[in-house]
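> Sequence first, predicted model second:
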Amino acid sequence: MRKRSDPAESMEELREKIIGFGERSGRKSFYPELRESEQRFRAVFEGAAIAIGVIDLQGRVQATNLEFQSLLSQSAEQLRGKRYLALIHPEDRECADEHHRRLLRGKVDRVRLELRLARADGQTAWAHVSTSLVAGTGSAPAYLVVAIQDISLRKRAQDALEFLSQASVRLASSLELTATLRSLPELAVPFLGDLCAICLLTSEGKCEQRALVCRDHEKKSLAEKLLEGRLLTGLVEEAPTGTSCAAPRLFPDASGALRAAAARDPARLELVRRLDLRSLMLVPLVSGGRVLGSLMLATGESGRRYGQLDLELAMEFGHRAALALENARLLLKAQEANRIKEEFLAVVSHELRTPLTSILGWVGLLQSKKLDSGAAIRGLTVIDRNARFLAQIIEDLLGISRIMAGKLQIHPSPVDLAPVIEAAVEGLRPSADASRIALDVRCAPGVPAVSGDAKRLQQIIWNLVSNAVKNTPVGGEVRVRLARSRSSAVISVSDTGRGISPEFLPQVFARFRQADGSITRGYAGLGLGLAIVRHLVELHGGTVRATSEGEGRGACFTVTLPLASGDVAPGLPRHEPGLPTLEDVRVLIVEDDADTLELIGEVLRRQGAQVAVANSAKGALTELDRAVPDVLISDIAMSELDGVELLKTIQGRGWRIPAVALTALAREEDRGRALAAGFEHYFVKPADIRELLVAVAGLASARQASLSGA
């Protein structure tokens, strides 16, 4: 195999052969030597591993070898007679022309340049060009010989590394989301293309354009119109909405596809024609396995045609872009959490100090013994009301703390809801009367009992009615209704109060969130009551939803709870045909909380499972010595030996049992530790019963199939 030589060395060798030919021309054996020299020259010329061309003094191409023709994507006939400068990229022609003139004037013997060549197929090739002047008779300049080495790949790699390095530095310089979105397309244009658009997925899974930069500023409005019509992203099957943009797409020739997509709409077709896009790439923005959106790149006026190397570079840029966007999102989330925390602490301080002021003030007056009996009674009433309010605040704080720790539990039994509702409402009637708010309670007769914790059910009603009274102006009305709907009891609490804005409605049950979190708002509370309501309702196997026609139009909260049945353990969700059956599936439950152990065991038995229980890791090992189950369900945080160590012990004894973690530990590091140990599912209490049953059924089925196959 012939070694690829240095362009300068090849040029020198060629030059020596040409000069040697001239020196031998005066010898007697001129013609034989001429033919032999010409053959040698032709062999060197055509067989050279680099591109070689002969250029006359007028700057026109006279001869080229195969490498030259391949590099410029033209035949010898097409090249012959063309101006050499026309083969050079327009931006590099002036520099090349200046150096060639110096060469012709004898200022230098040879010119070496790195420049871009304009290929006939529209692509640009980076090249190292060495140009020498060949003398003729009497040492007069005869012609130029150029030796060209294609360095496109090397140059592309260098430029790509420099681009990615600069992009990383710039993206790391700011964690502000708006700045990051602005930087991304500015970095991409013009290096990666003539147009760059960033689309991000909304919480509803819709793709929303967030940033757009065009090399030709006049085309930006055209591109925006096409993006609004989803024509550009529509080139991909199902434009990027979550998983549909999970893979990068390359369209080397996008113009035809765009015209076809817009063929039925003359206005859009005109936009496509005016925008004149040539190539297009669509790259997903993925971080941590989650699709954030997409990066779209396109070429137009530059005439570039994208290839696989361009797509790989765009993917690498997209990876850096996704990391920057995710970091910006996390910072925004942290800032929002910090703002909510500070707002919440300010509200807590305000809500504690206000009733304390009244209590301490009246206590001082009572201690002075200067009040008449009527004033003393009013003072005691104020103290009692504010003390109860403080007690409720403390209860809410403790309740939300227990919820976050997964320790809030219910003690189910059959409960008649009507007296529970009446008791909760009566406790709030003095507050409602003080604000002249009418409390209208109507319980339909004959509503069967639900399975639940009477104390917690009363807390649900109290929080909902308290929230309604708090948000209803003087002279308003709060309506409480109880009715039956098929196999459920439905409780609704509606008011004629301030209502809920559409923007805040999705967050109404979030912890520490209030529509107005300022201390200047006209009502009291910590913003925890509704979060507690949702959690308690879900513990009872029910649902709660909020509706409102907007601010100033009132709100309605509806709680749906499953009815109790005589043959169903209290507090358990009713059997539904859609739930998986667990006939003859053996399940071992390890749980140190007796109530949870009983609850999960009963749920599994209702679906046909054969259940063994243990309240400790030691007890679980004893049960395993008796019989090996198909599935293990284990708590993690247990005394003596936790769930992770239990599973490791089981595996160490040679048992291979599919395991499900059911725990109150909600941290990601706890989840990671459990999954790494071999747990195949990780449920945080309170777990969704349906999801738990599906997981158990799936593991049992897989295990039985594996055993059958063996």
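Now that the structure is in, tell me what you want to look at. Numbering: from 1, shown residues only.
> Surely residue 303 is within a helix?
No: using DSSP: H, G, I helix; E, B strand; the rest coil, the assignment for residue 303 is coil, not a helix.
> Disregarding flanking residues, what is the spatial nearest neighbour of it?
Take residue 303 and drop its neighbours on the chain: the residue closest to it by CB to CB, 6 or more residues apart in numbering is residue 122, 4.8 Å away. All C-beta spots, glycine's among them, are computed from the backbone N, C-alpha and C.
> Tell me how many other residues crowd residue 539.
20 (other CB atoms under 10 Å).
> On the three-state scheme, the residue nearest to it when sequence neighbours are not counted is what?
Distances taken as CB to CB, 6+ apart put residue 410 closest to residue 539, at 5.1 Å, once the chain neighbours are dropped. Secondary structure for residue 410, judged by three-state DSSP, is coil.
> Hmm, residue 451 and residue 410 touching each other?
No: if you go by CB atoms under 8 Å, residue 410 and residue 451 don't touch, sitting 9.6 Å apart.
> where's stretch 104-115 relative to the chain centroid, distance-wise?
55 Å (CA atoms, centre = their mean, to the nearest Å).
> Excluding chain neighbours, what is closest to the residue nearest to the spatial centre of the chain?
Centroid check for the chain by CA atoms, centre = their mean gives residue 292 as the closest residue, at 3.3 Å. Leaving out its chain neighbours, the residue that sits closest to residue 292 by CB to CB, 6+ apart is residue 285, at 4.4 Å.
> contacting residues around the nearest residue to residue 495 once chain neighbours are set aside?
Setting aside the residues directly before and after it, residue 495 is nearest to residue 468 in space (CB to CB, 6+ apart), at 4.0 Å. Applying CB atoms under 8 Å, 6 or more residues apart in numbering, we find residue 468 in contact with 478, 493-495, 497, 555, 557.
> For these, give me a markdown table that also has secondary structure, pLDDT and distance to residue 94.
Listed next are the contacts of residue 468 as a markdown table, based on DSSP: H, G, I helix; E, B strand; the rest coil; pLDDT from 0 to 100; distance: CB to CB, whole Å:
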| residue | secondary structure | pLDDT | distance to residue 94 |
| --- | --- | --- | --- |
| 478 | strand | 95 | 82 |
| 493 | strand | 94 | 80 |
| 494 | strand | 94 | 79 |
| 495 | strand | 94 | 78 |
| 497 | coil | 90 | 75 |
| 555 | coil | 92 | 72 |
| 557 | strand | 94 | 75 |
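> what sits against the nearest residue to residue 494 once chain neighbours are set aside?
The shortest distance from residue 494 to any non-neighbouring residue, by CB to CB, 6+ apart, is to residue 556 (3.9 Å). Taking CB under 8 Å, 6+ apart, we find residue 556 in contact with 492-495, 546-548.
> what sits opposite residue 556 in the beta ladder?
residue 494, residue 547 (DSSP bridges).
> doesn't residue 319 make contact with the residue nearest to the centre of the chain?
No: at 11.3 Å, residue 292 does not count as touching residue 319 under the criterion of CB under 8 Å.
> Overlap of the contact sets of these two?
By CB under 8 Å, 6+ apart, the residues touching both residue 292 and residue 319 are residue 286.
> Grab the longest helix from the chain for me.
helix 308-368 (DSSP state H).
> Could I get the average pLDDT for it?
Mean per-residue pLDDT for helix 308-368: 83.
> Equivalent analysis for stretch 635-647, please.
Stretch 635-647 comes out at a mean pLDDT of 89.
> Stretch 62-72 too?
92.
> Residue 250 and residue 311 touch, don't they?
Yes: using CB under 8 Å as the test, residue 250 is close enough to residue 311 to be in contact (4.7 Å).
> list residues touching both of those two?
With CB under 8 Å, 6+ apart, residue 250 and residue 311 have common neighbours residue 281.
> ok, how many other residues are close to residue 366?
15.
> and the angle for the next helix or strand after the longest helix of the chain with helix 308-368?
Next helix or strand after helix 308-368 toward the C-terminus (DSSP states H and E): helix 373-405. Compare the direction of helix 373-405 with that of helix 308-368 by axes from the mean of the first three to the mean of the last three CA atoms, to 10 degrees and you get 150 degrees.
> low-scoring pLDDT stretches of the stretch 201-350 of the chain, where are they?
Where the stretch 201-350 of the chain drops to pLDDT under 70, the residues are 204, 226, 228-246, 262, 340, 343-344, 346-348, 350.
> give me that answer again for 90
201-280, 285-296, 298-307, 309, 318, 321-322, 324-350 (pLDDT under 90).
> OK, contacts around residue 610?
Contacts of residue 610 by CB under 8 Å, 6+ apart are 584-587.
> and the contacts of residue 556, which are buried?
492-495, 546, 548 (16 or more other CB atoms under 10 Å).
> Identify, from the residues you listed, the entry nearest to residue 436.
Residue 436 has its nearest neighbour among these in residue 495, at 13.8 Å by CB to CB.
> Hmm, that closest one is touching residue 480, no?
No: proximity of residue 495 to residue 480 does not meet the contact threshold set by CB under 8 Å, at 9.9 Å.
> Tell me which of the contacts of residue 610 fall in strands.
586-587 (DSSP state E).
> Tell me the buried residues within the contacts of residue 610.
585-587.
> Let me know the closest of the residues you listed to residue 390.
Nearest member of the buried ones among the contacts of residue 610 to residue 390, counting by CB to CB, is residue 587, at 45.9 Å.
> ok, now which ones touch that closest one?
604, 609-612, 629-633, 696, 700.
> I'd like these written out as a markdown table, with secondary structure added.
What follows is the contacts of residue 587, written out as a markdown table (three-state DSSP):
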| residue | secondary structure |
| --- | --- |
| 604 | helix |
| 609 | coil |
| 610 | strand |
| 611 | strand |
| 612 | strand |
| 629 | coil |
| 630 | coil |
| 631 | strand |
| 632 | strand |
| 633 | strand |
| 696 | helix |
| 700 | helix |
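> which of those lies closest to residue 191?
For these, the nearest to residue 191 is residue 696 (53.4 Å; CB to CB).
> gap between the closest one and residue 564?
The gap separating residue 696 from residue 564 is 25 Å, by CB to CB, to the nearest Å.
> likewise residue 313?
64 Å.
> What of residue 457?
12 Å.
> okay, these two: which has more neighbours?
Shown here are residue 457 and residue 564; by other CB under 10 Å, residue 457 has more neighbours (24 against 21).
> List the residues that contact that one.
415, 417, 420, 450, 536, 540.
> mind running it again at 6 Å?
Taking CB atoms under 6 Å, 6 or more residues apart in numbering, we find residue 457 in contact with 415, 420.
> Let me see the mean pLDDT of the helix or strand containing it.
Per DSSP H and E, residue 457 falls inside helix 454-470. Here helix 454-470 scores 89 as its mean pLDDT.
> and what of stretch 98-105?
On average, stretch 98-105 scores 89.
> Check which residues of that stretch are buried.
For stretch 98-105, by 16+ other CB under 10 Å, it's 99-100, 103.
> now that stretch, how far from the centre of its chain.
The answer for stretch 98-105 is 57 Å, by CA atoms, centre = their mean.
> List of residues touching that stretch?
Against stretch 98-105 from outside (CB under 6 Å, 6+ apart): 108, 111, 133.
> ok, those residues vs residue 349, which is closest?
For those, the residue nearest residue 349 by CB to CB is residue 111; the value is 78.5 Å.
> The closest one belongs to a strand, doesn't it?
Yes: with three-state DSSP as the criterion, residue 111 is part of a strand.
> need the contact list for it.
99, 103, 131.
> Identify the bridge partners of it.
residue 131.
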